[in-house]
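Asker: requesting a structural model of the entry that follows:
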Amino acid sequence: MNLINIFFFQLLFSFFNSHNSPDVTTTVVSSRVTDSLALVDLYNATNGPNWINTWNLNQPMDTWYGVTLNGSGCVSFLTLNNNRLSGTIPSSLGNLSNLLSLLLGNNQLAGTVPSTLGNITALQKLHLYNNQLTGTIPTELGSLSQLVELVLYNNELTGVIPTSLGNLDSLTYLGLFDNQLTGSIPASLGNMDKLQYLYLYSNQLTGAIPSELGDIQPLLELRSQFNQLSGSIPASLGNLPNLYLLYLSNNQLTGTIPSELGNLSQLVELVLGSNQLTGTIPPVLGNLDSLTYLGLYNNQLTGTIPSELGNMDKLRFLYLYQNQLSGTIPSELGNILPLELLYLYNNQLSGSIPTSLGDLSNLTELRLDDNQLTGTIPAELGNLSKLIQLILGINQLTGTIPSSLGNLDSLTFLSLYSNQLTGSIPASLANMDKLRFLYLFNNQLSGTIPSELGDIPTLELFTLLQ
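Answerer: A predicted model of the protein is given here:
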């Protein structure tokens, strides 16, 4: 603050004292002086002259961009998101005792998160996301009993998640993702009984998922993917009646998929891929009639695909690839009319391709490659007018290539290689005028190559040879 403004506050302070003003007036004036000095510290520490919206320190505080004062003239809101702040956050910001909201996200701030922010007991929102902050999360933040949102994602924070954060029983949003946090998820987070959004993904967290997270009844989203979490998925997560997103993929989780997850009636996305899960797919997952995304890919799951999955009548993405699933493809999957992507490749599936898959009018990608499928290619697949990729290679399919595949005028990729297909190549394939890649090698095809294939303007690669 410049000398004029400081002198003004000093005169005001002396005036109230000389007229025997109540102590509360003295406190308010003192708080305004303290607040103004803290803001000037911030301005100087973060290259204020080069902010997008800068401050004129010769003007009163209530004219400064992003500063809101309460009825007593003290700072209650400081909103400087997206304002090109660089440098460090001064510890004196902890003196803003009336502050309700501190929003400094999406800037170029470096250095540590000041522990003094834990002194702002009235604080309800703390947003420091999308900066370059380093160091640990101060344990003192666990003292902010009024805090509703703690948003620290996309920084370079290290160390552990403080157990003291479990004291934040007013918190509804905890965003710590995209940092370099280590250690385990504190069981104390289960005490945050108003929490709705828990985002811990893309860190280096280890250890087991605490069963206590199943106590957070209001929880809507739990995202802890891309860590190094181990142990089993707690059955207690099935107690979260409001949960609609559960992402635990890309960890080192073991054990089976808890059947209790079938209780999550509000669940929209369940993604457990790229772990080391074993056992079978619980048939009760078919109860998840709000589910749009089921990702169990890249695990060690065995057994059959439950026919009950055909009951999920809102499902758009079904990813079961790269497991050890066996048995036949349930014809009931053809009942999932919204289905857009069906990936079952790299398993041990046998039997024939269900003709019911031809009813999936919204399907854009069908991958059944690298299994042990037998029988013929259903002509009904030619009904899939939105299909962009059809990949059936590395199976034991027999019979001819259905001429109906020529109806797939959205198809860009057709792969039928490494089967036991016979007969000639249908000239109708030339009707697929968006086709770019056609792989037919390692079959028992005969006859001539249809000259019409040369008329496909987009065709980049056509191979009958391995």
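Asker: near the spatially closest residue to residue 396 that is not a sequence neighbour, how many other residues are there?
Answerer: Counting by C-beta to C-beta, 6 or more residues apart in numbering, residue 374 is the residue found nearest to residue 396 once chain neighbours are left out, at 4.9 Å. Every residue, glycine included, has its C-beta placed from N, CA and C. When counting by other C-beta atoms under 10 Å, one arrives at 15 neighbours for residue 374.
Asker: and the strands in the stretch 301-450 of the chain?
Answerer: For the stretch 301-450 of the chain, applying DSSP state E, counting those that start in this stretch gives strands covering 317-319, 326-327, 341-343, 348-351, 365-367, 372-373, 389-391, 413-415, 437-439.
Asker: now do the third one: which elements does it pack against?
Answerer: When contacts are defined as 3 or more C-beta pairs under 8 Å, 6 or more residues apart in numbering; DSSP states H and E, strand 341-343 packs onto strand 317-319, strand 365-367.
Asker: that one pairs with which strands, parallel or anti?
Answerer: strand 317-319 (parallel), strand 365-367 (parallel) (DSSP bridges).
Asker: contacting residues around residue 239?
Answerer: 214, 215, 217, 260, 263 (C-beta atoms under 8 Å, 6 or more residues apart in numbering).
Asker: and if you look at residue 322?
Answerer: Counting by C-beta under 8 Å, 6+ apart, residue 322 has contacts 297, 298, 299, 345, 346, 347.
Asker: hmm, 6 Å instead?
Answerer: Residues in contact with residue 322 (C-beta atoms under 6 Å, 6 or more residues apart in numbering) are 297, 298, 346.
Asker: how about residue 55?
Answerer: Contacts of residue 55 by C-beta under 6 Å, 6+ apart are 43, 64.
Asker: distance of it relative to residue 107?
Answerer: 15 Å (C-beta to C-beta, to the nearest Å).
Asker: what does residue 68 give?
Answerer: Residue 68 is 19 Å from residue 107, by C-beta to C-beta.
Asker: who has more neighbours, those two?
Answerer: Taking other C-beta under 10 Å, residue 68 and residue 107 do not tie; residue 107 has more neighbours (23 against 15).
Asker: quick check, residue 440 in contact with residue 461.
Answerer: No: judged on C-beta atoms under 6 Å, residue 440 makes no contact with residue 461 at a distance of 11.1 Å.
Asker: show me which of those two is the more surrounded one.
Answerer: Taking neighbours as other C-beta under 10 Å, residue 440 and residue 461 compare with residue 440 leading, 22 against 10.
Asker: and stretch 91-104, average pLDDT?
Answerer: In this model, stretch 91-104 has a mean pLDDT of 97.
Asker: what about that stretch, distance to the chain center?
Answerer: A distance of 30 Å separates the centroid of the chain from that of stretch 91-104, by C-alpha atoms, centre = their mean, to the nearest Å.
Asker: same thing with stretch 179-186?
Answerer: Going by C-alpha atoms, centre = their mean, the spacing between the C-alpha centre of stretch 179-186 and its chain's C-alpha centre is 17 Å.
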